[in-house]
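> whatever this is, show me its structure:
(2 chains)
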Amino acid sequence: MSKNENKVKIMPRAVVCEDSNIRGDVTISSGSVVHTSAQIIAESGPIIIGENCIIEEYAKIIHRIPTNHKLYQENPEKPHVLVIGSNNIFEVGCTVEALKIGEKNIFESKSYVSPDVTISSGCVIGAGCQLFGEQHLTENTVIYGKTCQQREALDKQGSHMLQLDFLRKILPNYHHLRKPVDIKSKTTFATSTPK
Amino acid sequence: MDFFLSKKIVEYACLCGVLSPLTKLYFCRHCLNLRCAFCCHHEVDSHFCSNCLENIPSSEAKLRKNKCNTCFDCPSCQATLSARATSIQVPMSTKGEGGDETDEGSASNKMVTKKMYYLACLACRWTSRDVGISDQTSQTCSWPEQEYFHSTRFQLLSEHFQAVVLCDKEEKQDYLRRKTVKTSKFPSMTDRTGLTVASIRRQIGFDKSAPKAKPKPTNITPSIATSEVEDLPDEIFTKPVNLKNITTIKQRLAQPANQPETVKHLYPQHKNLSIKRSLRCRHCEHNVIKPEYNPSSIKYRIQLFASNHVPEVRFVKADPFKIGESASIILKIINPTINDMTITIMDLPTEDEEKMAIEEMRKTFDKSVSIATKSSLTPSIMRPSLIEDPRMVDCKITGKIELPDSSFVVNQRDDSAEFDDDIQGDRQDPRFIIWRKANKVEIKLNVIPCDGLKKDDDIITGFTMQFTYSNVHTSTPEKESQGLRHALNVRVYINPGKISE
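Residues are numbered from 1 along each chain as shown, chains lettered A, B, ... in the order given. Down below sits the predicted model:
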């Protein structure tokens, strides 16, 4: 797959700003919101983003398997799909290169997750925390503080539906949006023009 | 700004021999000297909570163990907890609660949303629900206090020892009373006969009550030390440890009363109070720093920061240093006051000179202290403060500055000057001044590294800066006619870099 090939699939009801940087084979499921200047880069294979995710400004989701990674050394030709579960929040300026992400996770501002990390569900990567090294985050792990301390939350973090509804209402007023694809009729929806 | 000033490149010497950057120094305008934090009295002005900004009197603060009643710290990460509201549906409380069951159907229709609060940490997402504290109806107070296993024992112990102290005190007073010699030279009649005032009173029948029983300390069961410790559980070495459930040392020490081992026992901790403190010069007992009393105010009533009074020296750049060759360094000197300053750069005192100056200072201190102790005017609470002993500066000079041949003037600070056009003064500047604007001057000086230095050795150079200081605020009106200009000396030490070759 060439790197420049853009096959962006945006499901209906997803709100994707036009100024976002999406490269490669990326599928954005319905209900998700992608802000301006967010980056989603699929280099080593397709990215599928689940429902009701929020990807904020300057957030980077990169699917790039490094050459010294286990997956690459086993079979460099085999395409790998990065599936990101539903209800994830990628806050401002985070960089996520993890190759497996569950649902209901929160990546706080300026956090970094390396490709060696796999993330289950309900995890929180605190602001500025950097995760390197091969590890698996069990469910409801919270990583916080300067020294990346870990603790386990009792249950998953609260729902962000109110915020999503607000963003879906507000974003079209101020930004050009990418056209979602209607899979059945293969026609595009009319873009909403900024008021 | 503190970032580049706090880097230890340019430092000023205090009397006590400590070098510190200008931002950490104070200027006593009564002694006209630099004072570092060690040369000042630190006094607690007021206690307040940094979260709710409530001012708490010191007696009450002591009673509350220096903790705020309403605010809490996260037991997991020590950030401040905030109360979060959730609304829950509760059936409307009908007055006839013990009514028949048909009533219940109508009651359940009338659902009322009620706000419930729980504590949550915004940093690590710890919530009070994590440890099973039920939600509360009110935002403040009413949070259940944690009960400690040893609290009653500690209560008993503290009561006991308070009684012991009281007892000791009384015995001492009693002893002193008996021991004091009678002032009268003549033997008292009652002394010989054993007839005391008290016994007479008793005989006459004035005082029927028995003499007051002395408060005796309550008996307390002493703690018993034991060498027998419970054995470790068998699985301690085989069971895998889940570090997420075990508290860190920091978390345990934040909760000193019970020092929990598992995260299940982390309880919200009352927030520690902060203080507003004022600094007082130890030599003249005048305030150097005095903040406003109101906790929400960040202003000062008295603020004698050195950076507002003493010219600031900033290191701009230096040529690479080579052994035995002089290199030029460029310094920027900034006048923070509203009067023009004449600055002279002089040599640092030699070791002998410094010793002599210290001896002289000691003599004057001794005098002033003896006067202070003799005079009965000083209130007894205001003890004459211990004056920091002047010491030598512990800093070896490895580079010598070639002194400029003349002094120079740095203009006053004028906040409106930066909006004016660049007006070049018609002042004839000496050669070493390479740049001048408003209240800033850049000078170029030559530094010769001392002999015997190797590559990568630090160059430390310094000079005594004499500057004219106009004391605007003065308490002695008779001196006003004399212009109030003082020539003050500060010793400046600069570390411009390492020897490159």
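> which residues are in contact with A:E43?
A:E43 is in contact with A:3, A:23-24, A:62-64, counting by C-beta atoms under 8 Å, 6 or more residues apart in numbering or on different chains. (Each C-beta comes from the backbone N, C-alpha and C, glycine too.)
> quick one: low-confidence parts of chain B?
Within chain B, the segments meeting pLDDT under 70 span B:1-7, B:93-109, B:140-141, B:181-198, B:205-217, B:367-386, B:418, B:420-427, B:472-483.
> by proximity to chain A, which residue of it wins?
The minimum distance from chain B to chain A, using C-beta to the nearest C-beta, falls at B:C124 (3.8 Å).
> which parts of chain B sit against chain A?
With C-beta under 8 Å from any C-beta of the partner chain as the criterion, chain B comes near chain A at residues B:76-77, B:123-127, B:129-130, B:243-245, B:248, B:263.
> from the chain's centre, how far out does stretch B:319-335 sit?
Mean-position distance between stretch B:319-335 and its chain equals 37 Å (C-alpha atoms, centre = their mean, to the nearest Å).
> buried sites along it?
Buried residues in stretch B:319-335, counted by 16 or more other C-beta atoms under 10 Å in any protein chain shown: B:319, B:321, B:326-327, B:329-331, B:333-335.
> thought B:M116 was touching B:Q89?
No - here B:M116 does not reach B:Q89: they are 10.8 Å apart, not a contact under C-beta atoms under 8 Å.
> those two: who's more crowded?
More crowded of B:M116 and B:Q89, by other C-beta atoms under 10 Å in any protein chain shown: B:M116, with 16 against 9.
> quick one on the thing from earlier: pretty sure the residue of chain B closest to chain A sits in a strand.
No - according to DSSP: H, G, I helix; E, B strand; the rest coil, B:C124 belongs to no strand; its state is coil.
> dump the residue contacts of it.
By C-beta under 8 Å, 6+ apart, the neighbours of B:C124 are A:126, A:142, A:144-145, A:149, A:151, B:74, B:76-77, B:79.
> name the nearest residue to it, ignoring sequence neighbours.
Closest residue to B:C124 apart from its sequence neighbours, by C-beta to C-beta, 6 or more residues apart in numbering or on different chains: A:Y144 at 3.8 Å.
> what's the one you found sitting at in phi/psi?
phi -150, psi 160 (degrees, to the nearest 10).
> who is it paired with across the strands?
Beta bridges link A:Y144 to A:Q149, judged by DSSP bridges.
> for B:Y118, give me its contacts.
By C-beta under 8 Å, 6+ apart, the contact set of B:Y118 is B:83-84, B:86, B:127-129, B:133, B:135-136.
> contacts for the helix or strand bottoming out on mean pLDDT in chain A, please.
One helix or strand of chain A scores below all others by mean pLDDT, DSSP states H and E: helix A:70-74, with a mean of 84. Outside of helix A:70-74, the residues within contact range by C-beta under 8 Å, 6+ apart are A:44, A:65-67, A:80, A:99.
> how close does the residue nearest to B:C124 sit to A:T138?
Distance, A:Y144 to A:T138, by C-beta to C-beta, to the nearest Å: 16 Å.
> the more surrounded of these two?
In terms of neighbours (other C-beta under 10 Å), A:Y144 is the more surrounded of A:Y144 and A:T138; the figures are 25 against 15.
> quick one: the more buried one and A:C123 touch, right?
No - between A:Y144 and A:C123 there is no contact under C-beta under 8 Å: 11.4 Å.
> residues touching the closest residue to chain B within chain A, list them.
Closest contact between chain A and chain B, by C-beta to the nearest C-beta, is at A:Y144 (3.8 Å). Going by C-beta under 8 Å, 6+ apart, A:Y144 touches A:124, A:126, A:129, A:151, B:77, B:123-125.
> the closest residue to A:C148 other than its chain neighbours: neighbouring residues, count only.
In space, and not counting its chain neighbours, A:C148 is closest to A:C129: 4.8 Å by C-beta to C-beta, 6+ apart. For A:C129, the neighbour count with other C-beta under 10 Å is 23.
> A:C129: what's it in contact with?
With contact taken as C-beta under 8 Å, 6+ apart, A:C129 is in contact with A:108, A:111-112, A:143-145, A:148.
> quick one: the helices in the stretch 201-350 of chain B?
Taking DSSP state H, counting those that start in this stretch as the criterion, the stretch 201-350 of chain B contains helices spanning B:249-253.
> hmm, I typed the wrong one, I wanted chain A.
All helices of chain A, identified by DSSP state H, fall at A:70-74, A:161-174.
> ok, so of the contacts of A:E43, who is nearest B:I9?
Comparing the contacts of A:E43 against B:I9 with C-beta to C-beta places A:I62 closest, at 40.7 Å.
> just confirm that closest one contacts A:Q39, I think it does.
Yes - counting by C-beta under 8 Å, A:Q39 is a contact partner of A:I62 at 7.5 Å.
> neighbour count: those two, which is higher?
For A:I62 versus A:Q39, neighbours defined as other C-beta under 10 Å are more numerous around A:I62 (19 against 16).
> bridged to the more buried one, which residues?
A:I41.
> tell me how far stretch B:454-461 is from the chain's mean position?
Distance of stretch B:454-461 from its chain centroid, counting by C-alpha atoms, centre = their mean, is 35 Å.
> ok, which pair from the residues of chain B next to chain A is furthest apart?
Taking C-beta to C-beta, the two most distant members of the residues of chain B next to chain A are B:R129 and B:L243; they sit 22.0 Å apart.
> so the two - more neighbours on which side?
Using other C-beta under 10 Å, the more surrounded residue of B:R129 and B:L243 is B:R129, with 16 against 11.
> which phi and psi values does that one adopt?
Main-chain dihedrals, B:R129, degrees, to the nearest 10: phi -70, psi -20.
> contact partners for it?
Contacts here follow C-beta under 8 Å, 6+ apart; on that basis B:R129 touches A:154, B:118, B:135.
> tell me who's in contact with the last one.
So the one you mean is B:D135. Applying C-beta under 8 Å, 6+ apart, we find B:D135 in contact with B:86, B:88, B:116-118, B:128-129.
> now the two most distant members of those residues.
By the measure C-beta to C-beta, B:I88 and B:S128 form the most distant pair in the contacts of B:D135, at 15.3 Å.
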